[in-house]
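*Asks:* below are the sequence and a predicted model; questions follow.
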Amino acid sequence: MRHLETATVDNALDLLHALMATKLLAKAERMGNDAKLKALPQLRKAAYSFCVLEHLHRALRQRDVFAKDGDRWGDPRTKLLAGEKWTAAEPKVLTALGLESEPAGHLAELASALHAAYVQVAAGLPGNSALEVVGGKLKLAKLGKAEEPKLMPPFRQLVTGMLPRVDFPELLLEVAELTGMADSFTHISGADSGMEGFTTSLCAMLLSEACNVGMTPVIKPDVPALTRGRLVQVDQGYFRAENISAANGRFIEAQTKIDVVRAWGGGLVASADGVRFTVPVQTLYAGSNPRYFGLRHKGATWLNVVNDQVMGLGGLVVPGTLRDSLFMLDAIHARDGGPKPETVITDTASYSDIVFGLFAICGYQFSPRIADISDARLWRTNTAADYGPLEPASNHTIRLDRIRSHWGDMLRVAGSLTLGEVRGHDLIRMLSRDGKPTGLGDAFAHYGRIFKTLHLLQFVSDEGYRRMIGAQLNVTEARHRLARKIFFGQRGELRQNYREGMEDQLGALGLALNAVVLFNSLYIDAAVKQMAADGFPVTDELLARLSPLQYDHINFYLDTSRRLWADRHRRGSPDSAAWTAVELSHVFPESGCRGLG
């Protein structure tokens, strides 16, 4: 009941916001002055009410007024750890984040690291042909395309040719059996399922949601696991966000056991980016943006986090195209599995010094790609130092005293974020007013400027760092292309009216994406091991350039009502210790398998 009360408050204010933004305010702006004057005598009371609503709407958006018992429209300050709760949590938070209650030593180390970075970049500037300082601004040459090893094209072609041709439903069934996915789907009452063919029913629901085709194509009346009644039962009782998240955690863990995956990364680097979906139905959870959704439609953004092993760690649904940086912390903290990333990469977007500060105090290195380095500011703590050719570009000073004076509250914010007591995007809005930071926001901004400057100095001086950022963003873009390939039904439009429906469907899409990545990782590993055994010079450099996001061997567009879940002999689920030892007959054509020649 408390949840429903909070949801009702938020929904009412979402509706007010939608009406004010799309109806009342827009209509008032379109009216000419003469029309307003003529209408005023007849609409005095209505005008007064409208004026009150307009001021209330503005105050709610600027976070000057908060809704009692609201969540999204409530006061995030009331959710921060305080009193006895903070006293109990503080030691664990400080240990986990590697921070201390007294900031002197920490800030001294950061100041020393920043000074050393300036000295190193300035000393290396004469030998850095990509970087210039022109008119007090940095100028960085664009990266050229990295050269591939000569053996890479034939190596990639051979590996791709050894991947088995597979229909998408078969892929989902195989991955579900290998990982025991069905064990993650408990009934809404908390009970486990005792249904016969439960895995088949789950995979059918996963296919219908991820491919955006609905139930009709996957219903097979003569198969008990695929009747309409069974699928409706599974959908309503089992197919929900927390179960999808638990299943995704199984996929993430399973992939780490595959040898070839370690050549792609250690799982400590992640990128966050959004996929835009047009939402053509009436809903409060979509926003306008002509660039992405056209003039007549609204849409939503699926912000997802992907690690350097190409697995999706989770995601959030964002109405419209709000600034991704407001939600990135929430998406990372709510990840479904895998180790905590050390570095978070984003594309060029709306980031701020406060965002850098929040990421840093929570233990992440925020590493956005910088499109135009000439607009970036470099900050310093040592005003007496001479940084040679970088001197004209580094004339902004970080105020460590402002960080010290707010350090206690900054730690409370970090603890509340990491323990999930408060959302990052609510905090970021709270830390600024009318585009200007509050006192606490200003402290976070100065703290963030240390890490932003360290990032910029490394970005302009280290080509490998720039290529790492670009490579991880390429992984995200390739994953988004695969997402579009899978989500082909209903013209790729998201047609859910409610936030929960959007989250469940896009969560299913994320799970299906990870199923493809896991399946490909498994068979790529088997293929490269066979090639090495046959004498091909397989190196880590070659392995690192392979991608589990290829999909030409997967048939997404089959006639599901005819082919899906045909009665056939199914292998039993492998035991947990041996499932990665795939039979080569499933991979290689010379063994009479289903693989490609």
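*Replies:* Yep, it's here.

*Asks:* where does the stretch 201-350 of the chain have low pLDDT?
*Replies:* Counting by pLDDT under 70, the stretch 201-350 of the chain shows low-confidence ranges at 321-326, 349-350.

*Asks:* quick one, strands of it?
*Replies:* Counting by DSSP state E, counting those that start in this stretch, the stretch 201-350 of the chain has strands at residues 269-279, 287-288, 298-307, 312-319, 343-346.

*Asks:* next: the stretch 451-597 of the chain.
*Replies:* Under DSSP E, counting those that start in this stretch, the stretch 451-597 of the chain gives strands at 554-555.

*Asks:* surely residue 271 and residue 309 touch.
*Replies:* No: the criterion here is CB atoms under 8 Å, and residue 271 misses it with residue 309 at 11.8 Å. Every residue, glycine included, has its C-beta placed from N, CA and C.

*Asks:* quick one: residue 469 from residue 476, how far?
*Replies:* For residue 469, the distance to residue 476 equals 11 Å [CB to CB, to the nearest Å].

*Asks:* likewise residue 93?
*Replies:* The spacing between residue 93 and residue 476, counted by CB to CB, is 30 Å.

*Asks:* next one: residue 146
*Replies:* The spacing between residue 146 and residue 476, counted by CB to CB, is 18 Å.

*Asks:* now the helices for the stretch 151-300 of the chain?
*Replies:* 152-161, 168-179, 198-210, 228-237, 241-255, 290-293 (DSSP state H, counting those that start in this stretch).

*Asks:* if we can go back for a sec, neighbour count: residue 93 and residue 476, which is higher?
*Replies:* Using other CB atoms under 10 Å, the more surrounded residue of residue 93 and residue 476 is residue 476, with 22 against 19.

*Asks:* give the contact list for that one.
*Replies:* The contact partners of residue 476, by CB atoms under 8 Å, 6 or more residues apart in numbering, come to 271, 273, 306, 347.

*Asks:* rerun that using 7 Å as the cut-off
*Replies:* For residue 476, the contact set (CB atoms under 7 Å, 6 or more residues apart in numbering) comprises 271, 273, 306.

*Asks:* so where is the protein shaky, pLDDT-wise?
*Replies:* Along the chain, the parts satisfying pLDDT under 70 run over 23, 25-45, 62-63, 193, 321-326, 349-350, 433-435, 558-597.

*Asks:* what's the burial count for the closest residue in space to residue 292 that isn't next to it in sequence?
*Replies:* Excluding the flanking residues, the one nearest residue 292 by CB to CB, 6 or more residues apart in numbering is residue 276, at 4.4 Å. Per other CB under 10 Å, the neighbour tally for residue 276 reads 18.

*Asks:* just to check, residue 276 is in contact with residue 299?
*Replies:* Yes: contact status for residue 276 versus residue 299: in contact at 5.6 Å, counting by CB atoms under 7 Å.

*Asks:* overlap of the contact sets of the two?
*Replies:* residue 292.

*Asks:* does anything pack onto the strand or helix carrying residue 47? Which helices or strands?
*Replies:* Assigned by DSSP states H and E, residue 47 belongs to helix 44-61. Helix 44-61 sits against helix 2-19, with contacts defined as 3 or more CB pairs under 7 Å, 6 or more residues apart in numbering; DSSP states H and E.

*Asks:* got a list of contacts for the helix it packs on?
*Replies:* Contacts for helix 2-19 (CB under 7 Å, 6+ apart): 57, 60, 67, 69, 70, 71, 72, 73, 284.

*Asks:* quick check: of the residues you listed, which lies closest to residue 142?
*Replies:* Among those, residue 72 lies closest to residue 142 (CB to CB), at 40.7 Å.

*Asks:* quick one: the closest one is in a strand?
*Replies:* No: per DSSP: H, G, I helix; E, B strand; the rest coil, residue 72 lies outside any strand segment and is coil.

*Asks:* quick one: which of the helices of the stretch 151-300 of the chain is nearest residue 106?
*Replies:* Nearest of the helices of the stretch 151-300 of the chain (CB to CB): helix 241-255, 32.3 Å.

*Asks:* and that closest one, which residues are buried?
*Replies:* For helix 241-255, the buried set under the neighbour-count rule, 16 or more other CB atoms under 10 Å, comprises 243, 244, 245, 246, 247, 248, 249, 250, 251, 252, 254, 255.

*Asks:* related to what we said a few turns ago, got TSV for the helices of the stretch 151-300 of the chain, with distance to residue 342 too?
*Replies:* Shown next, in TSV, are those (distance: least, CB to CB, whole Å):
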stretch	distance to residue 342
helix 152-161	28
helix 168-179	26
helix 198-210	30
helix 228-237	38
helix 241-255	17
helix 290-293	31
